[in-house]
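Undergrad: what follows is a protein structure lacking sequence information:
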Ligand SMILES: Cc1cc2nc3c(=O)[nH]c(=O)nc-3n(C[C@H](O)[C@H](O)[C@H](O)COP(=O)(O)OP(=O)(O)OC[C@H]3O[C@@H](n4cnc5c(N)ncnc54)[C@H](O)[C@@H]3O)c2cc1C
């Protein structure tokens, strides 16, 4: 017989959203298995925020660990939904009351030119693997793909993540050029002070180093870049103010990191030579509201040793999960209720992707805009407290998970026997991947000693 209060939920992904959801459910007496593809469950915090955000990353790791350590939560690492366990197996055979997808947004939006993906790693790289490499490349045990960061690379983007990519390229190239002059600049110094100021402090004119700098292109105008956000239902004055903040932020970022920029550029085609992507054909655009259309007769070539596309992150395909456009198919987007099962929900970036800060920001507009400036490294007070970003993600995750919890409690409870069966499957999987004790010992075991 089913026992009142017997619920067992699988949460896929153990980062900000997954750990928040797991904690809320566990605090309400619901058993939770957090199924995570990686050894460490820190998601975008470890692999997406560039490694110069040292303090912020550490703080978030601790918060996530604190949540996943709560009684009633079993952590199952090294288990990818869609390959190690299928969606069908998990939702129909394991017997969970419900499944919460908190697997984030790890698929880069395609460049959008037919056939471009043939050139991945042959002149074309996407932002997510590029930043992953940058964050982990100095670890002795890193065995993932290795990328070059050549001077004069071309970056497609306009959002915060594309500024991260630009900064990585500039820091790598100036570090190299300074080293050639016998100056060992530490990445953290260059990033914090800015390249121009650092060079000056060494008595060097940055122009004399011969670095030409990467080129960032954006399809709308500078004042449309999502580097500041207007309030909801903004007045024309508020919109004008936001636009001037965007102009200022980009100008400060260019002054500090010395990259080149062109706005109103749209990709039209590829330049391929000897099986490698060596440039893009782009046109200037006419911008009307959110619409940017190519202006006939303005097509020209932009050649580059590497093209990095940073135009948005969306959820990965999971076989068996039905998509609606770029996202999983939800019938209720606020709550993340999946349209094809009453027992499947989405929380966190897997529902929205990452990018629309206005949607999730719980702070005032002023704070939101200041946070973005601090994030880019051009903020006036020089503080690096970025907790507002994750606080927003946590707040939204909390609201979603609280609503999901109510839905779960309305589902039929499980019998003691069913609870035991799920427990033993969870345990079996943990044993298979070598997770034999507790969360803290596991993390101590799998954390590379030289993780930055
Ligand atoms: C500059 C900046 C801007 C931000 N903007 C926003 C914003 O606009 N909106 C917002 O909500 N937050 C934003 N944030 C906050 C925050 O970074 C992210 O929201 C948050 O880290 C995302 O957490 P998540 O748990 O949803 O996803 P992730 O951190 O991506 O975690 C997903 C986890 O799932 C795991 N996983 C993925 N696929 C599978 C699978 N198939 N099987 C098992 N495990 C899997 C991953 O390994 C990962 O651990 C921003 C942060 C910064 C610094």
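TA: That came in fine, so what should we check first? Given the structure is predicted, the values throughout are model-derived calculations rather than measurements.
Undergrad: hmm, which helix or strand of this structure has the shakiest average pLDDT?
TA: Using mean pLDDT, DSSP states H and E, helix 357-360 stands out as the lowest-scoring helix or strand of the chain, at a mean of 44.
Undergrad: how near is residue 20 to the ligand?
TA: 8 Å (C-beta to the nearest ligand atom, to the nearest Å). Placement of C-beta: from N, CA and C, glycine included.
Undergrad: likewise for residue 91?
TA: 14 Å.
Undergrad: count the residues that sit near that residue.
TA: 21 (other C-beta atoms under 10 Å).
Undergrad: quick one: it is in a strand?
TA: No - checked against DSSP: H, G, I helix; E, B strand; the rest coil, residue 91 lies outside a strand; its state is helix.
Undergrad: that one against residue 342, yeah?
TA: No - look at residue 91 against residue 342 with C-beta atoms under 8 Å: they stay out of range, at 10.9 Å.
Undergrad: may I have the strands that pair with the longest strand along the chain, each with its orientation?
TA: Criterion DSSP state E: the longest strand present in the chain is strand 276-288. Strand pairing for strand 276-288, determined by DSSP bridges: strand 265-273 (antiparallel), strand 291-294 (antiparallel), strand 300-303 (antiparallel).
Undergrad: who touches the second one?
TA: Judged by C-beta atoms under 8 Å, 6 or more residues apart in numbering, the contacts made with strand 291-294 from elsewhere in the structure are 219, 220, 264, 266, 268, 283, 284, 285, 286.
Undergrad: how about it: buried residues?
TA: Within strand 291-294, the residues that count as buried by 16 or more other C-beta atoms under 10 Å are 292, 294.
Undergrad: what residues does the protein have near the ligand?
TA: 12-18, 35-38, 41, 43-45, 49, 80-82, 102-104, 106, 160, 318, 348-349, 354-357, 360, 375, 386, 389-390, 392-393, 396 (C-beta under 6 Å from any ligand atom).
Undergrad: where strands are concerned, which of the residues you listed count?
TA: 12, 35.
Undergrad: in helices, which of the residues of the chain next to the ligand appear?
TA: Of the positions in these, 16-18, 43-45, 160, 349, 357, 360, 375, 389-390, 392-393, 396 sit in helices, assigned by DSSP state H.
Undergrad: looking at those residues, which is nearest the ligand?
TA: residue 43 (2.4 Å; C-beta to the nearest ligand atom).
Undergrad: okay, now the closest one: neighbour count?
TA: 28.
Undergrad: what do you get for the one 10 residues further on?
TA: As a burial measure, the neighbour count of residue 53 was computed by other C-beta under 10 Å and equals 19.
Undergrad: tell me the confidence at it?
TA: pLDDT recorded at residue 53 is 94.
Undergrad: the residue in the stretch 51-200 of the chain that the ligand sits nearest to - how many residues pack around it?
TA: Closest contact between the stretch 51-200 of the chain and the ligand, by C-beta to the nearest ligand atom, is at residue 104 (2.2 Å). Look at residue 104: counted by other C-beta under 10 Å, it has 25 neighbours.
Undergrad: again with the one 4 residues further on
TA: Residue 108 is flanked by 22 other residues according to other C-beta under 10 Å.
Undergrad: quick one: contacts for it?
TA: Counting by C-beta under 8 Å, 6+ apart, residue 108 has contacts 126, 127, 128, 309, 310, 311, 312, 313, 314.
Undergrad: which among the contacts of strand 291-294 end up buried?
TA: Buried among the contacts of strand 291-294 (16+ other C-beta under 10 Å): 219, 220, 264, 266, 283, 284, 285.
Undergrad: picking that back up, which of the ones in helices among the residues of the chain next to the ligand sits closest to residue 447?
TA: residue 45 (13.9 Å; C-beta to C-beta).
Undergrad: contact partners for the closest one?
TA: Per C-beta under 8 Å, 6+ apart, neighbours of residue 45: 15, 16, 56, 57, 60, 61, 64, 390.
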